[in-house]
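1. Sequence and predicted structure are below.
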Amino acid sequence: MPTDLQASDQAAAVADLAIAGEVAIPQVKELLTQYGDVAVLWWDTPTDMNDEYADRLHALLSLQPKIITNDRLKRPNFPGDYKTPEQKIPNLSELDGKDWETCMTMNGTWGYKAADHNWKTPTTLIHNLVDIASKGGNYLLNVGPTAEGEFPQASIDALKAIGAWMKVNGEAIYDTKASPLGPLTWGRCTKRTKGDNKILYLSVFDWPANGQLLVPGLKSEVISAKLLTGAMSLKTTATADGYMINVPATAPDPIATVIKLEVK
């Protein structure tokens with residue numbers, strides 16, 4: 001015979017399933033049928049989601065055959081199309097070739113919390129963005145509005161700073177691929193294809209005090225090198241360890257200066 005506690009748990013499970021059938025499933029169906037083509041559905045289900053709930057929700061995806069979903073319907077049985085590490089950026093050793101995006105807060109809280117003033121600096125947020133792009137990921141950055149529907153001023157200030165940096169350096173982020181180079185001690189790299197050549201974008205976080213930036217492991221011939229800001233040409237020299245780039249004494253951008261290399 002079931003104990004009172006077991007009976008209570010079973011009753012709660014039946015009630016949860018009824019709620020899923022009466023509320024969650026109709027709502028998801030509405031989202032997938034009433035608003036045209038839906039590109040992405042970002043699941044964020046309870047941690048105690050079971051396979052029965054997940055199966056019923058997953059079946060609704062047939063309403064949008066081209067839709068992309070994340071891995072949070074129910075792990076590990078419903079892996080979706082991409083991974084969503086939370087509040088962390090994977091190390092290169094953790095990447096397995098599957099698409100991914102880091103979801104992260106601007107302070108320490110999802111949503112809004114008046115007492116949370118632990119805001120990430122614009123430098124940290126921009127470095128996170130560049131780091132993620134250099135590893136082939138996407139940055140999903142949370143903004144929690146107040147009860148009045150307004151963004152906190154600290155969020156606005158940080159987003160404006162990101163926007164100002166992107167206005168100048170967005171070419172190094174949008175539509176780029178992961179770095180072909182090994183780990184870089186001074187910053188990160190992204191790439192794109194230009195005909196038969198490659199463009200490498202070197203985002204330099206730690207500007208070299210001696211005016212020389214080594215790109216380790218780069219063996220392909222460098223066709224041109226210039227600062228993305230102002231397009232100033234830079235001299236490069238091939239060495240046994242890679243290419244050495246002569247750079248100005250002072251970083252043009254204190255957060256991250258981008259050098260654009262075209263290589264064969």
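-> Thanks, I have it. In this text the structure is predicted, and so the values were computed from the model without any measurement. Residues are numbered from 1 along each chain as shown.

2. in what helix or strand does the residue nearest the centre of the chain lie?
-> Centroid-nearest residue in the chain, with Cα atoms, centre = their mean: Y139, separated by 2.1 Å. For Y139, the host element (DSSP states H and E) is strand 138-142.

3. Surely K177 and R192 touch.
-> Yes: with contact defined as Cβ atoms under 8 Å, K177 and R192 form a contacting pair (6.6 Å). Glycine gets a C-beta too; all of them are placed from N, C-alpha and C.

4. what sits opposite the residue nearest to the centre of the chain in the beta ladder?
-> T102 (DSSP bridges).

5. In terms of pLDDT, where does it sit?
-> Confidence at Y139, expressed as pLDDT, is 98.

6. now swap in the one 5 residues further on and tell me
-> pLDDT, G144: 92.

7. And it, how far from G111?
-> Distance, G144 to G111, using Cβ to Cβ, to the nearest Å: 4 Å.

8. Look at the two and report which has more neighbours.
-> G144 (16 against 11; other Cβ atoms under 10 Å).

9. quick one, what contacts the more buried one?
-> 105-106, 109-113, 152, 155 (Cβ atoms under 8 Å, 6 or more residues apart in numbering).

10. In PyMOL, how would I select just the buried ones from these?
-> In PyMOL, a selection of the buried entries from the contacts of G144 looks like this (16 or more other Cβ atoms under 10 Å):
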select buried, resi 105+106+112+152+155
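
11. Which of the contacts of G144 lies at the shortest distance from V40?
-> When these are compared for distance to V40 (Cβ to Cβ), W110 wins out at 18.7 Å.

12. nearest residue to that closest one other than its sequence neighbours?
-> N142 (5.9 Å; Cβ to Cβ, 6 or more residues apart in numbering).

13. What about that neighbour, how many residues nearby?
-> For N142, using other Cβ under 10 Å, the count is 14.

14. Can you give me every residue that contacts it?
-> N142 neighbours (Cβ under 8 Å, 6+ apart): 103-106, 110.

15. 10 Å instead?
-> By Cβ atoms under 10 Å, 6 or more residues apart in numbering, the contact list for N142 reads 87, 103-107, 109-111, 155.

16. From these, which shows the smallest pLDDT?
-> G111 (91).

17. does it sit in a helix or strand, and which one?
-> Secondary structure (DSSP H and E) places G111 outside all helices and strands.
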